[in-house]
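Engineer: sequence first, predicted coordinates after that:
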Amino acid sequence: MKDSEPVSTSHPPSRPYERIAVLGAGSWGTALASVLARNGHQVRLWARRPELTEEINGASENRQYLRGIILPSGIEATSDLERALDGAETVLVVTPSSTLRNMCQAMRPHLPEGAPIALACKGVERRSGYLLSEVVSEELPGHPVGAVSGPTFAAETALDHPTAATVAFLFSYADRLNPEKSPAVRLAMSLSGGGFRPYVSDDLVGVEVGGAVKNVIAIACGMMSGAGFAENTRAALITRGIYEMKALAEALGGKRETVTGLSGAGDLTLTCSSTTSRNMSLGFQLGQGTPRPSCFEGRDIVVEGEVNAVSVTDLAHRIGVPMPICETVNAVLHKGADLREAFAELWARPIEAEPNALNLSFAHPSPDMPLQFGDV
Ligand SMILES: NC(=O)C1=CN([C@@H]2O[C@H](COP(=O)(O)OP(=O)(O)OC[C@H]3O[C@@H](n4cnc5c(N)ncnc54)[C@H](OP(=O)(O)O)[C@@H]3O)[C@@H](O)[C@H]2O)C=CC1
Ligand SMILES: O=C(CO)COP(=O)(O)O
C-alpha cells in the first residue's frame, strides 16, 4: 500500500440472513415467510399440523389463515421442528405469546449454536410477568434475542402492501462496535424488499412493551366504539394509551420515545382504527353486548390483548405503574365488571396534569354526572 492511500476503517459489508426458520404457520408467520421468500431467502415454515404443511407445499396457499393469497416459491413448510431449524441462521417465533416457553423448550435440542431468535408474537408472560424476550433469554441462553413489531396486518403484508416495522435486538458490545453486523441489521436486510420497509432499534424493551400493551388498548377502543361512542373517544384512548405504554416502558428500562415509533403509536393507531384487528373486534362485540362465548361466532381466535390484559396489569401493579385503561379492560374481561360502569369510572377519575410531571391530581368536578351510554 502506498503511503498516500487512505487506510480503510470500514468493515466488510454485512449480509442478510439467507436461511431462516419461521415457527408458526398462522396468518402472521405465513405473511413473514412470504416477505422473506419474495426477497429470495430460503424459508422453512413450521406448522404444528402436517395437513397444513401439505396444503402450503402443494397448493401454495394457507387457506385457513390467508385464504386466496398465493404464496411465493421458496417456502418449505414442515411440521418437523428439527427439519425447520436445521441450518437456520436465524429463527422467527410467530406462535401466540402463551405458547412461547413451551416452544423454546421444544426448540432447544435442535437450535443451531448461537442462532439469533426474533419474536414476532406480542405479549407479556402470564405468571412471571416477563417480557417475551426475557422468557427466551431464560430458556435459551447464548442466543441473541430480538423482536419484529409494528403496524402490520398479516393479509396486507402477505399481499406486499407498503408496510413498515421495527426490528429490535439487544445490542452486545460487539454489535455496538460493528452495528451493521448485528442481528438487528442482518434481519432487517433479510426483510427489506418490495413493500416491506424495516427500521432498526436497540431498545428491545420499548418495542416489546408497545406490542404487548397496544392489544389491550385496542380492546378498550373496541369496547367504547361498540358501546356507541365515536372518534373523540377513540383519539382519547389512543393518546392516553400511549402514556400508559411510555410509563411501563420507562419503568422497565426502555425509552419513552420508542413508544412514539412504529411498534407503539404506529401499531396502536392501526389496531384501534379497524375491526380487522381481532383485539378491536373483540372489544367491539363486547361493547355491543355480545356475550364472550358468542364473539367471533364462537370460533377460537387468537386475541392477545385478552390474555395480556391480565399479564400487563399484574406487571404494572408489581412495579407500581398506573395503567387505568388496561386496568379497566382487565376488570371487564376477567373480573366481572360491568362494561359501562367500568368505563364511566375510567372517565370520572381525578383530573391529572398532562404530562404528569406536575404530579397533580384532583377530584373530577362532577362525579354525580357520570358518562351517559346509549345516548350518543
Ligand atoms: N395476524 C397479524 O396480523 C399479526 C399477528 N401478530 C402476532 O403474531 C402472533 C401469532 O398470531 P397470528 O399468526 O395472527 O395467529 P393465528 O391465529 O393466525 O395463528 C396462530 C398460529 O399459532 C399456532 N398455535 C396455536 N397454539 C399453539 C401451540 N400451543 N403451540 C404451537 N403453535 C400453536 C397455530 O397453529 P394451528 O393452526 O395448528 O392451531 C397457528 O399456526 C400473535 O402474538 C400476534 O399478536 C403480530 C403482528 C401481526
Ligand atoms: O398486531 C397486529 C397488527 O400489527 C394484529 O392485530 P390483531 O391481533 O388485533 O388482529
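Structural biologist: Right, received. Where do you want to start? Ligands and ions are numbered 1, 2, ... in the order given.

Engineer: my guess is Ala118 contacts Val167. True?
Structural biologist: Yes: under the criterion of CB atoms under 8 Å, Ala118 is in contact with Val167, at a separation of 7.1 Å. The way it works is simple: take the backbone N, C-alpha and C, and place the C-beta from them, glycine included.

Engineer: overlap in contacts of those two?
Structural biologist: A shared contact of Ala118 and Val167, defined by CB atoms under 8 Å, 6 or more residues apart in numbering, is any residue touching both; here these are 146-148, 187.

Engineer: quick one: low-confidence ranges for this structure?
Structural biologist: 1-12, 356-376 (pLDDT under 70).

Engineer: what does it have sitting close to ligand 2?
Structural biologist: Taking CB under 6 Å from any ligand atom as the criterion, the neighbours of ligand 2 within the chain are 122, 151-153, 215, 218, 267, 270-271, 277-279, 304.

Engineer: circling back: hmm, which of the shared contacts of Ala118 and Val167 are the buried ones?
Structural biologist: Taking 16 or more other CB atoms under 10 Å as the criterion, what is buried in the shared contacts of Ala118 and Val167 is 146-148, 187.

Engineer: of these, closest to ligand 1?
Structural biologist: Val148 (8.3 Å; CB to the nearest ligand atom).

Engineer: number of nearby residues for the residue lying closest to that closest one once chain neighbours are set aside?
Structural biologist: Leaving out its chain neighbours, the residue that sits closest to Val148 by CB to CB, 6 or more residues apart in numbering is Ala120, at 4.8 Å. The local packing of Ala120 (other CB atoms under 10 Å) involves 22 other residues.

Engineer: do the same with Val209
Structural biologist: Under the neighbour criterion other CB under 10 Å, Val209 is assigned a count of 30.

Engineer: could you do the one 4 residues further on as well?
Structural biologist: Residue crowding around Val213 was assessed by other CB under 10 Å; the count is 34.

Engineer: tell me who's in contact with it.
Structural biologist: Contacts of Val213 (CB under 8 Å, 6+ apart): 241, 244-245, 248, 308, 312, 323, 326.

Engineer: which residues of the stretch 1-150 of the chain lie near ligand 1?
Structural biologist: Proximity of the stretch 1-150 of the chain to ligand 1 is confined to 24-29, 47-49, 65, 94-97, 99, 120-122 under the rule CB under 6 Å from any ligand atom.

Engineer: rerun at 5 Å
Structural biologist: Residues of the stretch 1-150 of the chain found near ligand 1 (CB under 5 Å from any ligand atom) are 24-28, 48-49, 65, 95, 99, 121-122.

Engineer: same deal with the stretch 201-350 of the chain?
Structural biologist: Within reach of ligand 1 by CB under 5 Å from any ligand atom, the stretch 201-350 of the chain has these residues: 302, 304.

Engineer: can you pull out the helices in the stretch 201-350 of the chain?
Structural biologist: In the stretch 201-350 of the chain, the helices defined using DSSP state H, counting those that start in this stretch lie at 204-226, 231-251, 267-271, 278-287, 304-319, 324-334, 339-347.

Engineer: which parts of the fifth one are buried?
Structural biologist: So that's helix 304-319. For helix 304-319, burial by neighbour count (16+ other CB under 10 Å) applies to 304-316.

Engineer: show residues contacting that helix.
Structural biologist: Applying CB under 8 Å, 6+ apart, the contact partners of helix 304-319 are 96-98, 121-126, 129, 212-219, 248, 251-252, 279, 282, 322-323, 326-327, 329-330, 333-334.

Engineer: filter the residues you listed down to the buried ones.
Structural biologist: When neighbours are counted using 16+ other CB under 10 Å, the contacts of helix 304-319 contain these buried positions: 96-98, 121-126, 129, 212-219, 248, 251-252, 279, 282, 323, 326-327, 329-330, 333.
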